[in-house]
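> Return atomic coordinates for the entry below.
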Amino acid sequence: MLMEWIARRIPDGENIRDERVRSAYGKAASLVGIGCNALLFAGKLMAGIISGSMSITADAVNNLSDASSSVISLLGFKLADKPADAQHPYGHGRYEYFSGLMVAVMILVIGVELLKGSVEKIISPTEVAFSWASIGVLVASIAVKLWMAMFNRSMGKKIESTTLMATADDSRNDVISTSAVLIAALVERATGLALDGYMGAAVAVFILVSGVGLVRETIDPMLGTVPSEEQVKCIRKKLLGYPGVLGVHDLMVHDYGPGRQFASVHVEMSSQEDPLVSHDLIDNIERDFLKQDGLHLVIHYDPVVTDDPRVPVMRDVITRIVKDINPDMTIHDLRIVPGNTHINVVFDCVVPFELTMNEDEIRDRISREVSAQYPNYYTVATLEHGYVGGSAGH
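Down below sits the predicted model:
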């Protein structure tokens, strides 16, 4: 396969966490796209001119724009490959997201132009000259675009590239649009029904719907979307695997482009442990994440009391209460502060964004239910939203 051939010619080709290796894959995929789309454009344009088919000519222009999209992708990978500088200390990785957005926008433009031309063809139909040569060009185009869709999707998954995934979706759209053009030509040949304009309009609507979805997908990482659930679970599981780490919360992941992620997290460790020992462990954890996962992780140390028997009991009680309110609610940093007349239970509570209860209602419910079991216990809750979606606490 071509992807394996490319991998063999990229130094250290299997180390896709290396930004240079990843960029080399992206550039190679973009060059393949430029070459294939240029050939398809030439073949379809000739077939469209010979047959007088609006849909075939539009399909040819679509391939020309696809070649332009591949050029944009190539530039995006080259710009994203630039090292960090004084003005951009986190690097230039988001250029790749921007190039993916440009590809998505071009898909929308193509859809609008194709819809416009197809409506004109419906209003003022013209005869399409049937040609087996044109049919052959369309069949070959479908085969090439189907291969390109699979190639770009495989490459996109391998290096986790939104740009290549958008390009794969664009190639899939081309398979559908060219198939529609082929069907229209064969039906018109067999029945005399002029479907060229109608097929073109249907394809245009499909391309527009797909383009809107691609724009949304490429804008999300630029705005700062939540990390994947799989990544969150992986980070939490790895952190909790270190001896001495009792809990994890307030995880935040910042994406500055593929392979350029920065994160911060709070880890709970016993307050009875020597702070120098805890600090040394935290340093080791941060180095492990950078070396093994390519993640720049900054850890905040939260000391927790482990020798007060009331703390685990009260944590369990309040956890059950908040889980009854919403299964995704969690608590952390719970501590007990004795007073002359009552005992304060101080803690932070992570609240999902979609919860409709206001903060006063949440605090009142927790307070009532705790007081019903422990009359002289007062709760002091700090409510916050999680940054990773779902459960973000213990």
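
> So the closest residue to Thr167 other than its chain neighbours: helix, strand or coil?
Nearest residue to Thr167 in three dimensions, chain neighbours excluded: Asn152, at 4.6 Å (CB to CB, 6 or more residues apart in numbering). To be clear about C-beta, it is placed using only N, CA and C from the backbone, and glycine gets the same treatment. Put simply, Asn152 is helix when judged by DSSP: H, G, I helix; E, B strand; the rest coil.

> how near is Asn152 to Asn173?
12 Å (CB to CB, to the nearest Å).

> can you check Thr218 too?
15 Å.

> Phi, psi for Met269 please.
Main-chain dihedrals, Met269, degrees, to the nearest 10: phi -140, psi 160.

> In contact with it, which residues?
By CB atoms under 8 Å, 6 or more residues apart in numbering, the residues touching Met269 are Gly244, Val245, Leu246, Ser278, Leu281, Tyr301, Asp302, Pro303, Val304.

> Which pair of those spans the longest distance?
Largest separation among the contacts of Met269 by CB to CB: Leu281 and Val304, giving 14.8 Å.

> Now the helix of greatest length in the chain: buried residues?
Ordering each helix of the chain by length in residues (DSSP state H) puts helix 19-51 first. Within helix 19-51, the residues that count as buried by 16 or more other CB atoms under 10 Å are 19, 21-30, 32-34, 36-37, 40-41, 43-45, 47-48, 51.

> what do you get for stretch 237-247?
Residues Lys238, Leu239, Val245, Gly247 are the ones in stretch 237-247 that count as buried (16+ other CB under 10 Å).

> Among the residues you listed, which lie within helices?
Lys238, Leu239.

> Nearest to Ile123 among the buried residues of stretch 237-247?
Among those, and counting by CB to CB, the member closest to Ile123 is Lys238, at 62.0 Å.

> Give me the three-state assignment for the residue nearest to Gly294 when sequence neighbours are not counted.
Spatial nearest neighbour of Gly294, chain neighbours left out: Arg17 (4.6 Å); criterion: CB to CB, 6+ apart. Assigned with three-state DSSP, Arg17 falls in the coil class.

> pretty sure Arg17 is touching Leu295, no?
No. In this structure Arg17 lies outside contact range of Leu295 using CB atoms under 8 Å: 10.0 Å.

> And those two? Which one has more around it.
Remark: of Arg17 and Leu295, Leu295 carries more neighbours, 21 against 13, as counted by other CB atoms under 10 Å.
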